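I'd like to go over a predicted model; first the sequence, then the structure.
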Amino acid sequence: MQIKSRLLGNSDITISEISLGCMSLPTSIEEARPIIDMALEAGVTYFDTADLYDKGKNEEIVGALLKPHRDRIQLATKVGNRWTEGVDGWAWDPSPQHIENGLKDSLRRLQTDYIDVYQLHGGTIDDPWEEIIETFESLKKQGLIRAYGISSIRPNVFVPFLEKSTAASNMMQFSLLDRRPEEWFDTISNNGASVVTRGSLAKGLLTREWSKRLKKYEGYSVEEVQHLLTQLDQLGDIHALALAFNLQFDTVASTVIGASSKDQLTETLAAYERAQHVDAEQASRIVEQHHYTEHV
């Protein structure tokens, strides 16, 4: 099996079209190692984390395990959520000072001199966008980051950000069960950015485990989702269909898949191989395209 690569937006960065979302990794480096090793062996080159995950511990694990392979992989992390030791929860802080300080901390934890893709981890319409963009551009000129982007599902946030910047990516929740971003793909690509998808397997609903996962499902009508999944299941391979569906769009540079065990990653990699031979259009015809009703 060979994982294909795609160019990320207006950057010169090429990333694997199946990538590893590191948030689900075990908090023990020895338990996380086999998952990272398997991803590397399979040809995954793009690894996504965030300073918020386990309050920096996730970055430390990812950095330690990927350091020997730094010259052949791309690291993506995020900034904007600030926590205080001894205090529950976190606060939103998109200030230039926090972005700059956050990068220094992430570089240290990831044991690297630069970040390939530095992402704003959210955003509101009231944020100081000119200052935010100037900060990212400055970090890029300094060689501390190769490209920058945003992680947002709010059109009234990500559209003006992309229009006013040279951002290369938007990380968005997108799957067969959440097709809302589709109507914005042209806008995103016309502004020089790609989409990196998250939630692509809908917390396991878009796998062969869907009937078990449905019992814990919270979101749209359970009856509606069960009907859709039953129809998709009749096509033969939900997991492969889910990946093929996302990757049929040119705007999508990579589909980020989480894995907390080797078994989960094995299943996704096998599904990716099968996805080369399934008709994603069949799935598209079954599932209605929804639209954002908020933040537009």
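Looks like it arrived, so ask away. Bear in mind the structure is a predicted one, so any value in this text is a computation, not a measurement. Numbering: from 1, shown residues only.

for the protein, just list every one of the helices.
Ranges of helices within the chain are 29-42, 57-66, 96-110, 129-141, 155-164, 185-190, 210-213, 222-234, 238-247, 262-275, 280-286, based on DSSP state H.

would JSON lines of those helices with mean neighbour count and mean pLDDT be doable?
Using the backbone N, CA and C atoms, a C-beta is placed for each residue, glycine as well. Formatted as JSON lines, the entries for the helices of the chain read as follows, by neighbours: other C-beta atoms under 10 Å; pLDDT from 0 to 100:
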{"stretch": "helix 29-42", "mean neighbour count": "17", "mean pLDDT": "97"}
{"stretch": "helix 57-66", "mean neighbour count": "21", "mean pLDDT": "96"}
{"stretch": "helix 96-110", "mean neighbour count": "17", "mean pLDDT": "96"}
{"stretch": "helix 129-141", "mean neighbour count": "17", "mean pLDDT": "98"}
{"stretch": "helix 155-164", "mean neighbour count": "19", "mean pLDDT": "97"}
{"stretch": "helix 185-190", "mean neighbour count": "16", "mean pLDDT": "98"}
{"stretch": "helix 210-213", "mean neighbour count": "15", "mean pLDDT": "69"}
{"stretch": "helix 222-234", "mean neighbour count": "15", "mean pLDDT": "71"}
{"stretch": "helix 238-247", "mean neighbour count": "25", "mean pLDDT": "93"}
{"stretch": "helix 262-275", "mean neighbour count": "18", "mean pLDDT": "95"}
{"stretch": "helix 280-286", "mean neighbour count": "16", "mean pLDDT": "82"}
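
of all those helices, which lies closest to residue 6?
Taking C-beta to C-beta as the criterion, helix 238-247 is the member of the helices of the chain that comes nearest to residue 6, at 8.7 Å.

other SSEs contacting that closest one?
In terms of contacts (3 or more C-beta pairs under 8 Å, 6 or more residues apart in numbering; DSSP states H and E), helix 238-247 is packed against helix 222-234, strand 252-258, helix 262-275, helix 280-286.

circling back: got the helices of the chain as a markdown table, with distance to residue 171 columns?
As requested, the helices of the chain are arranged in a markdown table below (distance: least, C-beta to C-beta, whole Å):
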| stretch | distance to residue 171 |
| --- | --- |
| helix 29-42 | 18 |
| helix 57-66 | 16 |
| helix 96-110 | 16 |
| helix 129-141 | 15 |
| helix 155-164 | 10 |
| helix 185-190 | 11 |
| helix 210-213 | 23 |
| helix 222-234 | 24 |
| helix 238-247 | 13 |
| helix 262-275 | 18 |
| helix 280-286 | 21 |
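
and residue 293, which of the helices and strands packed on helix 238-247 is closest to it?
Per C-beta to C-beta, nearest to residue 293 of these: helix 222-234, 16.4 Å.
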